[in-house]
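Novice: have a look; sequence and predicted model below, questions after that.
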Amino acid sequence: MKKIFPRLFLFALLPMFIACDHINEDEQLIEVETAIPGPEAAPDEKPTATARTVRTVLLEDFTGQRCVNCPKGTKIIEQLQDTYEDRFIAVGIYWEPKPITNGLANELGTEYYNHWELNYQPVGLINRGGAVNYTDWAKEVREGLGFLSEIKMELKATLKGDNIEIIVREESYANYSGKLQVWVIEDGIIATQLMPDAPDENPEWTGGSKADYVHNHVLRAAVNGPWGEDFSIAMDEQKTQTMTQAVDAKWNTDNLSVVAFVYNDDGVEQAVKSKVEKK
Amino acid sequence: MKRYILSLTAFCCCLTLLAQQKDVTFSGSIQSDILIPESDKAIGAEKKEDLLTNTYADLQMQSQYIDAGARLEYLEHPLPGFENDFKGWGVPNFWVKGKLDKAELTLGTFYEQFGSGFILRTYEERSLGIDNSLLGGRLTVKPLKGVTLKLLSGKQRCYWEWNNSLVSGADAEIALDEWIGSLEKNGTRLTLGGSWVNKYEKDEEIIVPSNIAYRYNLPKFVNACDVRANLNKGPWSILMEYAQKTQDPSLDNAFNYDNGHIAMLSGSYSEKGLSILLQAKRSENMSFRSKRNMMGTSSFINHLPAFTLDHTYALAALYPYATQLAAGEWAYQTEMGYNFKRKTALGGRYGMNVKLNYSYVRSIQSAWLKWGGQTYYQDLNVQLSRKFTKVFKLNLMYMNQRYNQTVIEGHGDMIHSNIFVADGKYQFSPQTILRAEAQYLTTKQDEGDWAFGLLELSLVPHWMITVSDMWNCGETDTHYYQGLITYNTGAHRIQAGYGRTSAGYNCSGGVCRYVPATKGFSISYNYNF
């Protein structure tokens, strides 16, 4: 019995000496499919009980001006927007552990960050399916685009004086019950951003923030409250909502857009985005 | 879940067998920290739940051939600042250990450290919410005099689950002085050690952030090895250790395919009244986790010891250093302690102790011996401890600190601070002792100056009453007041208090956790048996 343990010990050591990987520099990346997977319904297909429409993916990007890795997340978002165009909508929700004077974070962002019990940034909610690391965004968005939706949405946003008039239309292929949420977002905001450290690429990097960083798709306001309004629609029914949002003096009306989406406990069913047009 | 239940069932069977043995002894402990929180806008404290608690109960049984243990954790409503996945309750730690003459076999969860922990250290640090134990098996054998061999394999705990990857390792340590007679005769002890750790983690699709048309080709196996030598002779001691890790692209190192390295040299001299310590360390790309796509403090397989002092005075600990595992660092530390003898000019009637500590941490370059462009941390502190009369003792400390908040916390600037501490203890009677602290931190950066005062009355052997206030007099004019009453009896200790705590980093050994500001009633209970 006393000899069994040492023998077992030596035997168990063996696999450790043969288990080794080395990946050469030219083999470190593998090409992936970026095309939208799965069946697609034609966008203009007439609603029927059996037909469904394509689903737009909404990414809620929880970000911050003091978050060093957040520009990496933004880089992914830019590529997703280039690849999937209007099938993909990103909204930057800013949160800071300590407020920044004239920063982009607001109470709305804090409410969402706390509600979703997030621990760090950048992290995203993709169609409100749970927190996803930024390194997984591209994969999850591609998968999300493969699903069809029960609801088709249209959105029109027009600047009238100091207000944005918003018209949302829904058309349903099935009975649905949840919430309708409408947000105002802004592109092209120039503000400070802490940039990521990369000592391997730039050993002389001195750290610090970039004062003229361009922040896009920044969440500015929730038009119909932080959690939206009750929404239910029957099969083959069409609905229209009209809302008004006052323009804040800080906003640049040339760069505003409106995002509307319907969601329930199963996640976001459909989302739509429209630039705010000037009359 | 099924595996969890099976493991627990097996564990209970072992306990039943064990309980039937003669000469079984039981030991254990209970630790419960409770906070009844209140909202306080002035400090940003939020009440989200009525009662928060981190509660642990440990039970161990020992016998001649078999030991066993388990720990119940109730963290369903945890104290503020812990990651959300930390929530839960259950028995995540359970183990049975079989002991023969020269061998021990542990099945279940266990903690282990190879050398200084460069390639493997699993441990529990409750204040930081860290428990990275392994669930599996460990064999320890002492086949020859002075030789210890360890072999282990298991899955690592990640909050309330175990990561899918498999961590395996082996360690050998040889005390050469037990083999070479001349070394033993000279009073020289020489220990050589070598370790190997292997992580197997399945491939997964992680997209390249700069180009979403590509994913990373990830290595399934990551190997790390460590060699070390420890020489002791009389008051002298030298420890040399080097470790290397193969390609391990992860979220921590921004999916870098370079190997990781760490080298450490530590020398010390210690005799009555004098001690000197000199240490240097260079690490690069040594973040080693059992889950490559993980953030936060969980799932670390290794631990790099900090070469900075863990301060206990409140203001000295306000800006604590966190080891930069992935980015790497050059770290140096020197410490000198000297006792001025009694009845000398400097020592006075009762003697005086002086301690000087200097830590310096800097960024690296790819060229091994070159420094990088940034200072991460610097701490120069002098402590004097002197007993003036039979009943009065005074400690004084001065500390000069540079803290690179951008690198350590991800925001802010280089904080340069000077800290002054006076800590006096007066004994009114053998049962009544009063201790007072006065501290001041001055800096032009971050939130500016801070002041701290504390009074602590000990009524030996049962009671201790403490009141303190930490005041930000530089920017916010906020007071963080606190009152605590502690009662000790036998193996029980209970503490009740009320007050505010400031937001900040709680660190231990270079690992840090952000704790938000809190206010409320706190109760803490500890029991060991």
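Specialist: In hand now; what should we look at?
Novice: ok, and the closest non-adjacent residue to the most far-flung residue of chain B relative to its centre?
Specialist: Relative to the mean C-alpha coordinate of chain B, counting by Cα atoms, centre = their mean, the farthest residue is residue B:213 (41.2 Å). What sits nearest to residue B:213 in space, not counting adjacent residues and going by Cβ to Cβ, 6 or more residues apart in numbering or on different chains, is residue A:34, at 5.6 Å. To be clear about C-beta, it is placed using only N, CA and C from the backbone, and glycine gets the same treatment.
Novice: distance of the one you found from residue A:145?
Specialist: According to Cβ to Cβ, to the nearest Å, residue A:34 and residue A:145 sit 10 Å apart.
Novice: before we move on, what about residue B:152?
Specialist: 44 Å.
Novice: for residue B:375, same thing?
Specialist: If you measure residue B:375 against residue A:145 using Cβ to Cβ, the figure is 47 Å.
Novice: cool, residue A:30 as well?
Specialist: Going from residue A:30 to residue A:145 by Cβ to Cβ gives 21 Å.
Novice: the two: who's more crowded?
Specialist: When residue A:30 is set against residue A:145 and neighbours are counted by other Cβ atoms under 10 Å in any protein chain shown, the residue ahead is residue A:145, at 21 against 13.
Novice: wait, the more buried one touches residue A:35, no?
Specialist: No - counting by Cβ atoms under 8 Å, residue A:145 stays clear of residue A:35, with 9.4 Å between them.
Novice: does the residue farthest from the centre of chain B belong to a helix, a strand or coil?
Specialist: When classified by DSSP: H, G, I helix; E, B strand; the rest coil, residue B:213 comes out as strand.
Novice: residue A:82 now?
Specialist: helix.
Novice: check residue A:76 too.
Specialist: Residue A:76 - assigned by three-state DSSP - is helix.
Novice: might you report the residue contacts of it?
Specialist: Neighbouring residues of residue A:76 by Cβ atoms under 8 Å, 6 or more residues apart in numbering or on different chains: A:134, A:137-138, B:207, B:209, B:212.
Novice: closest to residue A:151 out of those?
Specialist: residue A:137 (23.7 Å; Cβ to Cβ).
Novice: restricting to C-alpha, output stretch B:67-76 in CSV.
Specialist: Extracted in CSV, the C-alpha atoms of stretch B:67-76 (Å, rounded to 0.1, in the frame of the first residue of the first chain):
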residue,chain,number,x,y,z
ASP,B,67,-9.4,14.5,8.4
ALA,B,68,-12.5,16.1,6.9
GLY,B,69,-14.0,19.6,6.8
ALA,B,70,-16.7,21.7,5.2
ARG,B,71,-17.7,25.3,5.2
LEU,B,72,-21.2,26.8,5.0
GLU,B,73,-21.3,30.3,3.4
TYR,B,74,-24.4,32.5,3.5
LEU,B,75,-23.8,35.4,1.1
GLU,B,76,-27.3,35.8,-0.3
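Novice: now stretch B:366-385: buried residues?
Specialist: Buried residues in stretch B:366-385, defined by neighbour count with 16 or more other Cβ atoms under 10 Å in any protein chain shown: B:372, B:374-379, B:381, B:383, B:385.
Novice: for the helix or strand hosting residue B:355, name the packing helices and strands.
Specialist: Using DSSP states H and E, residue B:355 maps to strand B:352-364. Packing partners of strand B:352-364 (3 or more Cβ pairs under 8 Å, 6 or more residues apart in numbering or on different chains; DSSP states H and E): strand B:274-284, strand B:329-340, strand B:371-387.
Novice: now the second one: mean pLDDT?
Specialist: Right, the one you point to is strand B:329-340. Mean per-residue pLDDT for strand B:329-340: 95.
Novice: grab the nearest non-local neighbour of residue B:98.
Specialist: residue B:105 (4.7 Å).
Novice: packing partners for the helix or strand containing the one you found?
Specialist: Using DSSP H and E, residue B:105 falls within strand B:103-110. If contacts are counted by 3+ Cβ pairs under 8 Å, 6+ apart, strand B:103-110 sits against helix A:4-13, strand B:88-99, strand B:134-141, strand B:147-158.
Novice: partners of the last one in the sheet?
Specialist: For strand B:147-158, the paired strands and their directions (DSSP bridges) are strand B:134-141 (antiparallel), strand B:161-162 (antiparallel), strand B:166-175 (antiparallel).
Novice: how about a markdown table for the ones you listed, with mean pLDDT and mean neighbour count added?
Specialist: Formatted as a markdown table, the strands paired with strand B:147-158 follow (pLDDT from 0 to 100; neighbours: other Cβ atoms under 10 Å in any protein chain shown):
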| stretch | mean pLDDT | mean neighbour count |
| --- | --- | --- |
| strand B:134-141 | 96 | 21 |
| strand B:161-162 | 94 | 18 |
| strand B:166-175 | 96 | 21 |
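Novice: kindly reformat those as CSV containing distance to residue A:128.
Specialist: Formatted as CSV, the strands paired with strand B:147-158 follow (distance: least, Cβ to Cβ, whole Å):
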stretch, distance to residue A:128
strand B:134-141, 33
strand B:161-162, 23
strand B:166-175, 34
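Novice: from what I see, residue B:458 and residue B:430 are in contact.
Specialist: No - checked against Cβ under 8 Å, the pair residue B:458 and residue B:430 is beyond contact range at 10.9 Å.
Novice: hang on, the earlier thing: so which of the buried residues of stretch B:366-385 is the closest to chain A?
Specialist: Distance to chain A, by Cβ to the nearest Cβ, is smallest for residue B:372 among those, at 5.3 Å.
Novice: so what's the residue of the stretch 101-250 of chain A found nearest chain B up against?
Specialist: Of all residues in the stretch 101-250 of chain A, residue A:138 sits closest to chain B, at 3.8 Å by Cβ to the nearest Cβ. By Cβ under 8 Å, 6+ apart, the contact list for residue A:138 reads A:34, A:76, A:79-80, B:207, B:212.
Novice: that one - that's part of a helix, no?
Specialist: Yes - assignment of residue A:138 by three-state DSSP places it within a helix.
Novice: measure it to residue A:88 for me?
Specialist: According to Cβ to Cβ, residue A:138 and residue A:88 sit 10 Å apart.
Novice: how near is the residue farthest from the centre of chain B to residue A:36?
Specialist: For residue B:213 relative to residue A:36 (Cβ to Cβ), the value is 14 Å.
Novice: contacts only, for the residue nearest to residue B:98.
Specialist: By Cβ under 8 Å, 6+ apart, the residues touching residue B:105 are A:5, B:97-98, B:137-140.
Novice: quick check: the farthest pair among those residues?
Specialist: Pairwise distances across the contacts of residue B:105 peak at 13.2 Å for A:5 and B:97 (criterion: Cβ to Cβ).
Novice: so which of the two has more stuff around it?
Specialist: Neighbours were counted for residue A:5 and for residue B:97 using other Cβ under 10 Å; residue A:5 has more, 22 against 19.
Novice: just to revisit the earlier point, in JSON lines: the buried residues of stretch B:366-385, plus pLDDT and distance to chain A.
Specialist: Converted to JSON lines, these look like this (pLDDT from 0 to 100; distance: Cβ to the nearest Cβ, whole Å):
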{"residue": "B:372", "pLDDT": "85", "distance to chain A": "5"}
{"residue": "B:374", "pLDDT": "87", "distance to chain A": "6"}
{"residue": "B:375", "pLDDT": "90", "distance to chain A": "11"}
{"residue": "B:376", "pLDDT": "92", "distance to chain A": "10"}
{"residue": "B:377", "pLDDT": "94", "distance to chain A": "13"}
{"residue": "B:378", "pLDDT": "96", "distance to chain A": "16"}
{"residue": "B:379", "pLDDT": "96", "distance to chain A": "19"}
{"residue": "B:381", "pLDDT": "96", "distance to chain A": "25"}
{"residue": "B:383", "pLDDT": "97", "distance to chain A": "31"}
{"residue": "B:385", "pLDDT": "96", "distance to chain A": "37"}
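Novice: still on that earlier bit, shared neighbours of residue A:138 and residue A:88, anything?
Specialist: Joint contacts of residue A:138 and residue A:88 (Cβ under 8 Å, 6+ apart) are residue A:80.
Novice: where does the stretch 151-279 of chain A have low pLDDT?
Specialist: Counting by pLDDT under 70, the stretch 151-279 of chain A shows low-confidence ranges at A:197-208.
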